[in-house]
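1. sequence and computational prediction follow.
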Amino acid sequence: MISLTVNGKSYQVDVPEDATLLWVIRDHLKLTGTKFGCGIGVCGSCTVIMNGMAERSCMLTAKNAEGAEIITIEGLPENHPVKRAWIEEQVVQCGYCQPGAIMQAAALLDQKKRPAAKEIIDAMDNIICRCGTYQRMKKGIEKAVFIKQKEGMSS
Amino acid sequence: MKELMTRREFLKGSLAVSGLTIAACVTPFGIQLVNAADMAAKPSEFKPSAFYHITPDNVVTIVVPNSEMGQGVKTALPMIIADELEADWDQLKIVQAPAGEEFKNPLLHSQLTVASASVRGFYMPMRKAGAAGRAVLLKAAAEEWKIPVSRCRADRGKVINLDTQKKMTYGELCLNAAKLPLPQDPPLKKESEFRYMGKPKARVDIPEKVSGKAIFGLDVDLPDLHYAVLSRPPAYGSTHQSFNADAAMKIDGVKMVVPTPRGIAVVAKSLYAAQKGRDALAAVWGPGSHPSMNTALVEESFIKDLEKPGANVVTRGDIPKALADAAKSYEATYYIPCVSHATMEPQTCTADVKPDQCDVFVPTQGQTLAHMVATNISGLPPENVHIHTTFLGCGLGRRARPDQVVEAVIASKASQKPVKVVYTREEDIKTDFFRSAMAHRIKAGLDAKGRVIAWDHKVSSSSLKRHMGEEPKDGIDGYCLWGLFDVPQSPAKANMTYVFPNFSLNLVLSDLPIPVAPFRSVQNAVNAFATESFMDEMAHLAKKDPLAFRLQHLTGNMRAKRVLETVAKKSNWGKPLPKGRGRGIAQHSSFGTYIAQVAEVSVDEKTGVVKVLRVDAAVDCGPVINPDPLEAQIQGAVVLGVSTTLYEEVEFADGGPSSGNFDQYTIATMKDAPDVRVHIVKSTEEIGGIGEPGIMPLAPAVANAVFNATGARLRRMPLTPGRVLAALKKA
């Protein structure tokens, strides 16, 4: 049995110790918003926030994640500035990579209140989007910064 | 899964609920509009294509025949119907169609989301269907109020009595409207009356995709779901020499080992067990049909094929004479390697074959074909086989192939369990049906005034048709030629925009075993790289500006000229740039859409690194339904164009693909994304497609920009730093 804390909820899952966190989240916890893209930590579709940092869930075992606070796309509030900005800027095309991109962006804005254009690119450059929504992702992050500032939300 | 329904449920539902159902059926005489009452009375006389129905609860349910893969079809098609119907956007319920005759695209005669054909195929049928509904709802209201129809007005889901200002909702009117005969040629709205079409509408699928709740193929869940992973042959034509099924079966949770046409499937209770089972199989594969084939030999083979005569596709005029008369002549050879679709969602399919029913949950672009293969393999009557289309994690043409469906249905039938086939990324790339590699050789002549008088063009390509199971007739496969030549009445509308007085086109089909399939724009983007690079080379030979040279050769083509002139103006064409920067221009037309692009690039002459900084795109696609997703389609296609132009090439070794995961197969990321500016050219021409044109002129625009910046001509994609440095040396 492995204990996981995901989106503020505790789970006990009966999986082998080397089971990949990504597939445990998807197949056992049924939180399918976190996606499988490459399995080698390159594309970022599986990105979750673990103890405040963006992490590739395909590169971790469930055992690695014991005791950590994990947030998946389902646990990011619907009124989160990044989620709202993504809708306002119509960033998404097919949408498959977007949960990972949104989590990566949310983690960035937790660390940097107002990232410069280059900082946005550096932070997001490890996300692969086959639809090519990068231009709108940039706008989305800028919009999220604007929303946060306007509403005086703390980072 | 709440939005997925079977075809039978749909028809049963739409006929059983009392209300107004508007359908359209394709007859030999064109589109005929019918309502559900007629459908029930005469079910055998036609095959209806039901688009929407209105129920007394005042809900308008719109059924979208096409697959949503980010292009916004689930919003665009309802916009067309809702506009002509004059429905309120908030009263719509938008659902995904099951597989069915009634949902076939009239242009393609198949339920298939390809060839940028969704909106242009359904535009008029859906406008008419919407308008017919509005007409009978108005008539039903007029009869209720005993006033002339001219004293009634439809307004966002209600009919207003202009004399009394009383209102009745469509829900209140639908039962009476359903009893009225439908007009076959209902009056359509004028453009000035459009409520939705032409104005940006937020895409209906975005909120659930942002929340993480959208169901893609890999997210399908069923009670007692099993997983299948496959051991795949490493080389083309390779068959297994041995595998240890007993060892796999010993893994806890493994249920069965099932051979399929493209690999040996291990079915297990969990993905973990299936993967362990596949490893335990320790399959040994034979050497394949072309054991020495590698990247260099593939390129060599396509170039060598240009020495063969090939099949003559078209000859106009007298090429030898025109070339002999030419003031100057010139020849160039181009090579474009295979690229992989590499959709972000790897291939997957879930099938549940029961003794009397087969359900298939799949992110497919081709419901008709998926239904056909599931029917054949399950052995069940077609009406008991149901295709449920999930969201697609990108399509790019890959998901029009039904191989994942074949594997899932075989595995489920054999194991008598619901089975989800899961591909790893490596499998997804290695088993891909690639965009075909192509070599082009063009020889052309200029007259004394610098006009092209002869264009002799030969291409070598793998046959797309052959890999779809159809042997091309007389060695001619039209799919290879889109953008160079097209037959009359083709839905691709893919003739070259230039018409040269003497023109010849020959095609050599490769005998290499590499499987190929359409990839966003089919071979348009590849063919455009050769033709539009060569036009630039000819402009240089004629000592003319590349824009002026193109315009000179497009005298009869106002639409192509207009997009070129627009993009030139918007991109500051001709204005000076700092050293190391350049602009390139290119244009192309297919799927009824004209597009021209100017790429602005920087070239680092020390490292050979090309960066695409800005791309202006001018587009004439006729009427625009939803302008914001249109812009997004062009932006995204440009990024795909940048990726395939600068990075992507499938490598081969030992008779099979050696490119595996994203660490070996590079795809453009945010640092590569140019500033894309889309300029829609207002047009009253026939409606064109928008999913694919954005990629078509990108590669030549970039190569032409590199030439403009440095004088180096790149004729081999991708434009890697090594090739750029080599070309710089020659410049």
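-> Received, thanks.
2. looks to me like residue A:86 is in a helix.
-> Yes - assignment of residue A:86 by DSSP: H, G, I helix; E, B strand; the rest coil places it within a helix.
3. low-confidence ranges in the stretch 51-200 of chain B?
-> For the stretch 51-200 of chain B, no stretch is flagged by pLDDT under 70.
4. contact residues of it facing chain A?
-> Counting by CB under 8 Å from any CB of the partner chain, the stretch 51-200 of chain B comes close to chain A at B:69, B:70, B:71. From N, CA and C alone the C-beta is placed, and that goes for glycine too.
5. closest to residue B:299 out of these?
-> Lowest distance from residue B:299 to these (CB to CB) belongs to residue B:69, with 31.4 Å.
6. so residue B:453 is in which element?
-> Using DSSP states H and E, residue B:453 sits within strand B:452-461.
7. how far off centre is that strand?
-> 27 Å (CA atoms, centre = their mean, to the nearest Å).
8. by contact count, what packs against that strand?
-> Contacts defined by 3 or more CB pairs under 8 Å, 6 or more residues apart in numbering or on different chains; DSSP states H and E place strand B:452-461 against helix B:295-305, helix B:319-325, strand B:438-446, strand B:502-509, helix B:524-541.
9. pLDDT on that strand, on average?
-> Summarised as a single mean, pLDDT over strand B:452-461 is 98.
10. next SSE after it?
-> Beyond strand B:452-461 toward the C-terminal end (DSSP H and E), the next one is helix B:464-467.
11. CA atoms only: put that next one into PDB for me.
-> Extracted C-alpha coordinates of helix B:464-467, given in PDB (Å, rounded to 0.1, in the frame of the first residue of the first chain):
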ATOM      1  CA  LEU B 464      -0.400   7.000 -50.200                       C
ATOM      2  CA  LYS B 465      -3.100   5.100 -51.900                       C
ATOM      3  CA  ARG B 466      -1.200   1.900 -51.800                       C
ATOM      4  CA  HIS B 467      -0.900   2.100 -48.000                       C
END
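12. so how far is it off the chain centroid?
-> 17 Å.
13. who touches that helix?
-> Under the criterion CB atoms under 8 Å, 6 or more residues apart in numbering or on different chains, residues B:433, B:436, B:471-472, B:477-480, B:509, B:515-518, B:522-523 lie in contact with helix B:464-467.
14. only whichever of the residues you listed are buried, select them in ChimeraX.
-> Restricted to buried positions by 16 or more other CB atoms under 10 Å in any protein chain shown, the ChimeraX selection for the contacts of helix B:464-467 reads:
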select /B:433,436,472,477,478,479,480,509,515,516,517,518,522,523
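15. restricted to strands, list the contacts of helix B:464-467.
-> Using DSSP state E, the subset of these located in strands is residue B:509.
16. tell me, which of the contacts of helix B:464-467 make contact with chain A?
-> Of these, not one also sits near chain A (CB under 8 Å from any CB).
17. list the contacts of residue B:545.
-> Going by CB under 8 Å, 6+ apart, residue B:545 touches B:539, B:574.
18. equivalent analysis for residue B:232, please.
-> B:262, B:263, B:427, B:430, B:431.
19. now it. Its backbone dihedrals?
-> Note on residue B:232: its backbone torsions stand at phi -110, psi 150 [degrees, to the nearest 10].
20. from chain A, how far out is it?
-> Residue B:232 sits at a distance of 15 Å from chain A (criterion: CB to the nearest CB, to the nearest Å).
21. just residue B:505 next, same as before
-> Taking CB to the nearest CB, one finds residue B:505 at 32 Å from chain A.
22. okay, now that residue: neighbour count?
-> The number of residues packed near residue B:505 is 22, by other CB atoms under 10 Å in any protein chain shown.
23. so who does it touch?
-> B:312, B:313, B:314, B:315, B:457, B:458, B:459, B:481, B:484, B:485.
24. buried ones only from these, please, as a PyMOL command.
-> Listed next is the PyMOL selection for buried residues among the contacts of residue B:505, using 16+ other CB under 10 Å:
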select buried, chain B and resi 313+457+458+459+481+484+485
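25. now for the lengthiest helix in chain A, which elements pack on it?
-> When chain A is parsed with DSSP state H, its longest helix is helix A:134-150. Here helix A:134-150 touches helix A:81-88, helix A:98-111, helix A:117-124, helix B:627-646, going by 3+ CB pairs under 8 Å, 6+ apart.
26. can you put those in TSV and add distance to residue B:280, mean pLDDT and mean neighbour count?
-> Shown next, in TSV, are those (distance: least, CB to CB, whole Å; pLDDT from 0 to 100; neighbours: other CB atoms under 10 Å in any protein chain shown):
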stretch	distance to residue B:280	mean pLDDT	mean neighbour count
helix A:81-88	43	98	23
helix A:98-111	31	98	24
helix A:117-124	40	98	16
helix B:627-646	37	98	26
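27. take the contacts of helix B:464-467 and keep only those in helices.
-> Going by DSSP H, the helices hold none of these.
28. nearest residue to the most centrally placed residue in chain A other than its sequence neighbours?
-> When CA atoms, centre = their mean is applied to chain A, the residue found nearest the centroid is residue A:103 (2.2 Å). Once flanking residues are discounted, residue A:103 sits nearest to residue A:47: 4.5 Å by CB to CB, 6 or more residues apart in numbering or on different chains.
29. the one you found against residue A:54, yeah?
-> Yes - the criterion here is CB atoms under 8 Å, and residue A:47 meets it with residue A:54 at 5.3 Å.
30. comparing those two, which residue is more hemmed in?
-> For residue A:47 versus residue A:54, neighbours defined as other CB under 10 Å are more numerous around residue A:47 (31 against 21).
31. residue contacts, the more buried one?
-> For residue A:47, the contacting residues are A:34, A:54, A:55, A:56, A:57, A:99, A:100, A:101, A:103, A:104, A:107, A:127, by CB under 8 Å, 6+ apart.
32. now do the longest helix of chain A, average pLDDT.
-> 97.
33. show me what counts as buried in it.
-> Within helix A:134-150, the residues scored as buried using 16+ other CB under 10 Å are A:134-145, A:147-148.
34. which one, of the helices and strands packed on helix A:134-150, ends up nearest to residue B:200?
-> Closest among these, using CB to CB: helix B:627-646, at 4.1 Å.
35. mind listing the residues bridging to residue B:52?
-> residue B:22, residue B:62 (DSSP bridges).
36. thought residue B:63 was touching it, still the case?
-> Yes - if you go by CB under 8 Å, residue B:52 and residue B:63 touch, sitting 6.5 Å apart.
37. need the distance between the two termini of stretch B:588-608.
-> The first and last residues of stretch B:588-608 sit 28 Å apart, counting by CA to CA, to the nearest Å.
38. give me the residue from the stretch 101-250 of chain B nearest chain A.
-> residue B:212 (2.4 Å; CB to the nearest CB).
39. typed the wrong thing, it's the stretch 401-550 of chain B
-> Closest point on the stretch 401-550 of chain B to chain A, by CB to the nearest CB, is residue B:425, at 4.5 Å.
40. surely that residue meets residue A:39?
-> Yes - using CB under 8 Å, residue B:425 is in contact with residue A:39, at 6.0 Å.
41. list residues touching both of the two?
-> residue B:661.
42. may I see the contacts of residue A:47 arranged in TSV, with distance to residue B:307 as well?
-> What follows is the contacts of residue A:47, written out as TSV (distance: CB to CB, whole Å):
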residue	distance to residue B:307
A:34	52
A:54	53
A:55	54
A:56	49
A:57	52
A:99	51
A:100	48
A:101	48
A:103	54
A:104	50
A:107	56
A:127	45
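43. so who does the residue nearest the centre of chain B touch?
-> In chain B, the centroid-proximal residue (CA atoms, centre = their mean) is residue B:114; its distance is 3.9 Å. Residues near residue B:114 by CB under 8 Å, 6+ apart: B:108, B:365, B:366, B:397, B:400, B:518.
44. same thing but 7 Å
-> B:365, B:397, B:400, B:518 (CB atoms under 7 Å, 6 or more residues apart in numbering or on different chains).
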